[in-house]
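# let's see this in three dimensions:
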Amino acid sequence: MAPEKNYETATFGAGCFWGVEETFRRVPGVVETAVGFMGGTLDNPTYEDVCTGRTEHAEVVQVTYDPGLVSYQALLDVFWSIHDPTTQNRQGPDIGAQYRSVIFYHTPKQEKEARASKEEEGRSDRFRRPIVTSIEPARTFWRAEEYHQQYFAKRGGGHCRV
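Next comes the predicted model:
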């Protein structure tokens, strides 16, 4: 990644991180993505640790983006469009707290925008049930093992999307 400009970071949990990453990677203005874990109790967790359901981590995608090319609101719009934010600890066939719908904010401005966006989505006719997405302060991002990074780009096929 080029060390220029004033890039910003956004972190989203929306189920299986492979498909979420693939979607965000394709957004113009996103300069880098990484999959990993956030929000749990274990330092430096592995994928196997998180899959036990005992670490309290969510599978997340950390997005580095150029705010001059893509807004945080546009990233929130992508987030809402790629998963079901009305299911608690589940996305499609994936069940467990690691698959929860969560927005981890990095700045007060992101928190404000995320909460406003959630309210707007909740008032829309888009979802039949209440949105259960949590909005939490960003914590340590633990990068997942390399074989998880850009999984679909490396292996082709697949989609985790609901």
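# in the chain, where is pLDDT below threshold?
1-4, 146-148, 151-153, 156-162 (pLDDT under 70).
# longest helix in it, please.
With DSSP state H applied, the helix covering the greatest number of residues in the chain is identified as helix 108-123.
# buried stuff in that helix?
Using 16 or more other CB atoms under 10 Å as the burial criterion, the residues of helix 108-123 that qualify are 110-111, 113-114, 117-118, 121. Placement of C-beta: from N, CA and C, glycine included.
# quick one: name whatever helix or strand follows it.
Scanning forward in sequence from helix 108-123 by DSSP states H and E, the next helix or strand is strand 134-137.
# buried residues in that next one?
Buried residues in strand 134-137, defined by neighbour count with 16+ other CB under 10 Å: 134, 136.
# can you check stretch 66-80 too?
66, 70, 72, 74-76, 78-80.
# any idea what residue 62 is bridged to?
Beta-bridge partners recorded for residue 62 (DSSP bridges): residue 11, residue 34.
# now do the same contact list for the residue nearest to residue 67 when sequence neighbours are not counted.
Ranked by CB to CB, 6 or more residues apart in numbering and with sequence neighbours excluded, the top spatial neighbour of residue 67 is residue 8, at 5.3 Å. Taking CB atoms under 8 Å, 6 or more residues apart in numbering as the criterion, residue 8 is in contact with 64-67, 72, 106-107.
# circling back: with just CA atoms, put the longest helix of the chain into CSV.
Output for helix 108-123, consisting of C-alpha atoms alone and laid out as CSV, is shown next (Å, rounded to 0.1, in the frame of the first residue of the first chain):
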residue,chain,number,x,y,z
PRO,A,108,-16.4,9.9,16.9
LYS,A,109,-17.4,10.9,13.4
GLN,A,110,-17.6,7.3,12.3
GLU,A,111,-19.7,6.4,15.4
LYS,A,112,-22.1,9.2,14.6
GLU,A,113,-22.5,8.2,11.0
ALA,A,114,-22.8,4.5,11.8
ARG,A,115,-25.6,5.2,14.4
ALA,A,116,-27.4,7.5,12.0
SER,A,117,-27.1,5.0,9.2
LYS,A,118,-28.5,2.2,11.4
GLU,A,119,-31.4,4.4,12.4
GLU,A,120,-32.1,5.2,8.7
GLU,A,121,-31.9,1.6,7.7
GLY,A,122,-34.2,0.6,10.6
ARG,A,123,-36.8,3.2,9.4
